[in-house]
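Peer 1: Model the following, please.
(2 chains)
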Amino acid sequence: MKLATWNVNSLNVRLPHVLDWLRDNQPDVLCLQETKQEDSKFPYDTLKEAGYQAIHSGQKTYNGVAILSRHPMTDVTHDIAGFEDDQKRVISATIDGMRVVCVYVVNGQAVDSDKYHYKMRWLNALTDWLRGELAAHPKLVLLGDYNIAPEDRDCHDPAAWLGQVLVSPGEREAFKKLTDLGLHDSFRLFEQPEKSFSWWDYRMMGFRRNFGMRIDHILVSDALKPACLSAHIDKAPRKLERPSDHTPVVLEIA
DNA sequence: ATGGCTTATTGTATAAGA
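Peer 2: You can find the predicted model right below:
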């Protein structure tokens, strides 16, 4: 079973890249973030022709999450139960006995801003909700754009970024609370190249200079951890014409 | 490094992303 996550920064713009990537990589499941479109605009038919059924929770201009799957999806839910939120950031489904949760975590803009405090509240609510989800579904995988680089080695220049949004101690503590639920950063279960990142700023030739961050993650529950076979970041789509600023993160599970 | 892109909007500048 091959699972992947990709923040596409507008599915309207990136659909050709997504279709090419599906054709070339044949994942079983692909989670998307920042589709930036309403459900009525979502390309269900085109994806079906490519062999994928899809579920989507979207809105105009901002946010929007989707799960694409070659296998049937059941028990579809939107959002974080019990958390009042207008922004479309979470969608979940059960696929082949595994609970798949796709998240687009709040960016936070700047430490201590209103958006940062929303990020912290949002992450707290996610963690509380997932505690129950894990109890109900021991085989759970949490994929998405977390907007958190968990460790200094996940940031191209920790000194320059010290204390800033994406790497601040508060955000890293929130990430740790997620892993304390019994979730594991699947990328780090395997040996990886130094300076592996999943996002690079469009400006300053960020990609060419590898000025990036690893902020897209696939966390697996205790029950799934022993089944993990390999994990990698696929930088190829970031090299294309008019790319997303993020690139896919991939996990293979037995 | 402090913007230098990129996206969407009923736009021709602004907001937001990370």
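Peer 1: Show me the strands in chain A, by range?
Peer 2: A:2-7, A:29-33, A:53-57, A:65-69, A:73-78, A:90-95, A:98-104, A:140-145, A:183-185, A:199-200, A:212-213, A:216-221, A:228-233, A:249-253 (DSSP state E).
Peer 1: Name the stretch among those that sits most buried.
Peer 2: Stretch with highest mean neighbour count among the strands of chain A: strand A:29-33 (a mean of 28; mean count of other Cβ atoms under 10 Å). Glycine gets a C-beta too; all of them are placed from N, C-alpha and C.
Peer 1: quick revisit: as JSON lines, the strands of chain A with mean pLDDT would be great.
Peer 2: Listed next are the strands of chain A as JSON lines, based on pLDDT from 0 to 100:
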{"stretch": "strand A:2-7", "mean pLDDT": "98"}
{"stretch": "strand A:29-33", "mean pLDDT": "98"}
{"stretch": "strand A:53-57", "mean pLDDT": "98"}
{"stretch": "strand A:65-69", "mean pLDDT": "98"}
{"stretch": "strand A:73-78", "mean pLDDT": "98"}
{"stretch": "strand A:90-95", "mean pLDDT": "98"}
{"stretch": "strand A:98-104", "mean pLDDT": "98"}
{"stretch": "strand A:140-145", "mean pLDDT": "98"}
{"stretch": "strand A:183-185", "mean pLDDT": "98"}
{"stretch": "strand A:199-200", "mean pLDDT": "98"}
{"stretch": "strand A:212-213", "mean pLDDT": "97"}
{"stretch": "strand A:216-221", "mean pLDDT": "98"}
{"stretch": "strand A:228-233", "mean pLDDT": "98"}
{"stretch": "strand A:249-253", "mean pLDDT": "98"}
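Peer 1: Tell me which of these lies nearest to A:Glu171.
Peer 2: strand A:212-213 (11.7 Å; Cβ to Cβ).
Peer 1: for the stretch 151-254 of chain A, which spans come out with low pLDDT?
Peer 2: Across the stretch 151-254 of chain A, nothing is flagged by pLDDT under 70.
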